[in-house]
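1. let's see this in three dimensions:
(one chain, ligands or ions: 1)
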Amino acid sequence: MAECVEGSIEFEETLKFIKLVEPLIDAVQISSGLDMNREGNVHMVTTNFKEHMPNAKYARIVKQNVNIPVSVVGAVMSPWEAEELIASGTVDLVAFGRSFIADPDWPNKAKDGKADDIVPCIRCMQCYHISTNRKNVGCTVNPRFTNESFVPKEIKKAETLKNIVVVGGGPAGIMAAITAAKRGHNVTLFEREKSLGGMLRYISRQHYKEDIRRYFEYLLGQVKKHSIDVRLNTSATHDLVKSLNPDAIFVAVGSLPIKPNIKGIDGANVIDFFEAIENPDSTGQDVVIIGGGTIGAEIGLELAELKHRNVTIVELTSEIAAQGNMLYRIALRQKMDAVSNLKRMVETRCREITEKGVIAVTRDGQEQFIKADTVIISTGVTANKAVAESFYGITPDTFTIGDCDKPRKIMEAVFEGYTIASRI
Ligand code: SF4
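-> Purely as a prediction, here's the structure:
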C-alpha cells in the first residue's frame with residue numbers, strides 16, 4: 001500500500017491501481033514496505049518499533065472500495081487481533097508470516113481454544129536472512145526453526161525420570177525447567193528474586209518491548225502449567241543444591257552489569273540501566289547515557305521521546321546498538337532520527353563524571369562537557385561465572401546455559417535451555 005521510501009509508491013496510487021485491476025483479480029492482499037530497499041524493508045517485516053497491524057488502516061479503506069475479498073498481512077500478533085480484524089469487517093482474510101515460524105501449531109492452538117499456549121513472535125528479525133546477513137538465521141522463540149535435523153518436534157517422555165535442579169529463572173532457566181518438566185522429570189527451579197524472569201523482567205518493561213512482554217507472559221504461563229517446584233526468594237548455594245541429590249543441574253544465573261572504571265562513577269547522579277528502566281521518572285531533565293548498546297539506545301529513545309528528556313548517548317564504538325541485527329538497527333535509527341532531543345555521540349569515550357555532567361573525549365581527542373542531571377551506565381554485562389562455577393562438582397551432568405556462559409541474546413538462552421533439557 002505504501003513502500004515507505006521517499007519518492008516511491010503511496011497509498012492513493014495503489015488504491016487507484018487496485019480499482020483498475022479489480023475485474024481481473026480474485027482477491028487482494030494488503031502489505032506495506034519494500035524488500036529491495038532496507039529503509040522500506042523494516043516497514044514490510046516490521047520490528048518492535050512499529051505498532052501491531054500497521055496495514056489494517058489501509059485494508060479498511062480498500063475493503064470499502066472493492067467487491068473482492070481483501071486480506072491483510074503484517075504484525076497481526078495474536079488470534080484476538082485477527083479475530084477483531086475479521087469480526088469488525090475490516091478484512092475478509094488475515095495472512096501470517098513470522099507468527100507461524102515462531103509457532104507452527106499457531107492455527108491449531110487458536111482453533112482448539114489454546115491461544116495461551118501459542119508461542120508469540122517477538123519481531124526480532126533473527127529468522128530473516130537479510131537482517132542477519134544470512135548468518136545465524138534461526139528463531140528466538142522456536143529453537144527448531146532451521147534446526148529441524150537435530151531439534152525434536154515433540155518433547156518425548158524420558159525413560160528414566162530424574163531429579164533436575166535449575167538455578168536461575170531467566171529465559172534460559174525457565175526454558176530448561178519447562179522442557180525438563182515436559183520430559184516428566186522432577187524439576188526444582190531456584191530464583192533468588194521475588195519473581196521469575198531475570199533480564200526479561202527489566203527488558204519487558206521497556207516501551208517498545210510489548211512483544212517481549214507477551215513472550216514473557218507466555219513463559220510464566222507455561223511454568224504454571226507444568227509441574228515445576230518454583231522456589232522464589234531463594235539464593236541457591238552449592239550445599240542447598242547438593243542436598244536435593246540432583247541427577248542434572250542447569251546453571252542459568254545470568255550476568256552482572258559491567259561497572260566501567262570512570263572517575264566519578266559512584267556519584268549521586270549516576271544510576272545503572274536497571275534503575276533507569278524500573279524508574280524512568282526519577283531521571284533529571286538532562287540525561288547522559290554511557291553505552292549505546294541495544295539497552296542503552298532504547299532507554300535513550302524512550303526517555304527522549306516519551307519523557308521529553310534531553311538525552312545524549314555516549315558510545316565508545318562506531319555504531320549504536322551494534323549487537324542488534326541490521327534491520328533492528330535501521331528501524332531504531334529511523335525512530336531516533338525523528339526525536340530531536342536525542343543526541344548520539346559515537347567513537348566517544350567518557351573520561352569523567354562530575355556533579356554537573358560528563359566530560360567526554362571525541363574521536364579526534366577533543367574534550368567536551370555534556371550537562372547531565374542523571375548519568376545512566378549501560379556499558380553491558382559480564383557472565384556471572386563465579387556463581388555459575390560454584391555449582392560444579394555436584395554431578396557430572398551440570399550445564400551452564402544462557403548469559404552465565406556468555407552474555408548473548410534471548411535466542412541463545414532459549415535454544416540452550418530447550419535443546420539440552422530435551423536430551424536429559
Ligand atoms: S526469529 Fe524473531 S521475528 Fe522471526 S519468527 Fe522468531 S520471534 Fe518472530
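2. residue 124 belongs to a strand?
-> No: according to DSSP: H, G, I helix; E, B strand; the rest coil, the state of residue 124 is coil, so it is not within a strand.
3. what's the closest non-adjacent residue to it?
-> Setting aside the residues directly before and after it, residue 124 is nearest to residue 140 in space (Cβ to Cβ, 6 or more residues apart in numbering), at 5.0 Å. C-beta here means a position set from N, CA and C on the backbone, and glycine is covered the same way.
4. confirm for me that the one you found is in contact with residue 408.
-> No: contact criterion Cβ atoms under 8 Å: residue 140 and residue 408 do not qualify, at 11.0 Å.
5. tell me the centre residue of this structure?
-> Compute the mean C-alpha point of the chain, and by Cα atoms, centre = their mean the closest residue is residue 212, 5.1 Å away.
6. is that residue in a helix, a strand, or coil?
-> Using three-state DSSP as the criterion, the local structure at residue 212 reads helix.
7. for residue 370, what are its contacts?
-> For residue 370, the residues meeting the contact criterion (Cβ atoms under 8 Å, 6 or more residues apart in numbering) are 288, 312, 314, 345, 357, 358, 359, 360.
8. so the second one belongs to a strand, correct?
-> Okay, so that is residue 312. Yes: Residue 312 sits within a strand when classified using three-state DSSP.
9. what's near enough to touch it?
-> Shown in contact with residue 312 (Cβ under 8 Å, 6+ apart): 287, 288, 289, 343, 344, 345, 358, 370, 372.
10. what's the farthest-apart pair in those?
-> 344 and 372 (15.0 Å; Cβ to Cβ).
11. and these two? which has more neighbours close in?
-> residue 372 (27 against 19; other Cβ atoms under 10 Å).
12. so how far is residue 183 from that one?
-> Using Cβ to Cβ, to the nearest Å, one obtains 51 Å as the distance from residue 372 to residue 183.
13. before we move on, what about residue 76?
-> The spacing between residue 76 and residue 183, counted by Cβ to Cβ, is 33 Å.
14. of these two, which one has the most company?
-> When neighbours are counted by other Cβ under 10 Å, residue 76 comes out ahead of the other of residue 76 and residue 183, with 24 against 19.
15. can you give me the strands in the stretch 151-300 of the chain?
-> Counting by DSSP state E, counting those that start in this stretch, the segments of the stretch 151-300 of the chain that form strands are 163-167, 186-190, 228-231, 248-251, 255-257, 270-272, 286-290.
16. out of these, which is closest to residue 119?
-> strand 228-231 (17.7 Å).
17. the closest one pairs with which strands?
-> Each strand paired with strand 228-231, and its direction, by DSSP bridges: strand 186-190 (parallel).
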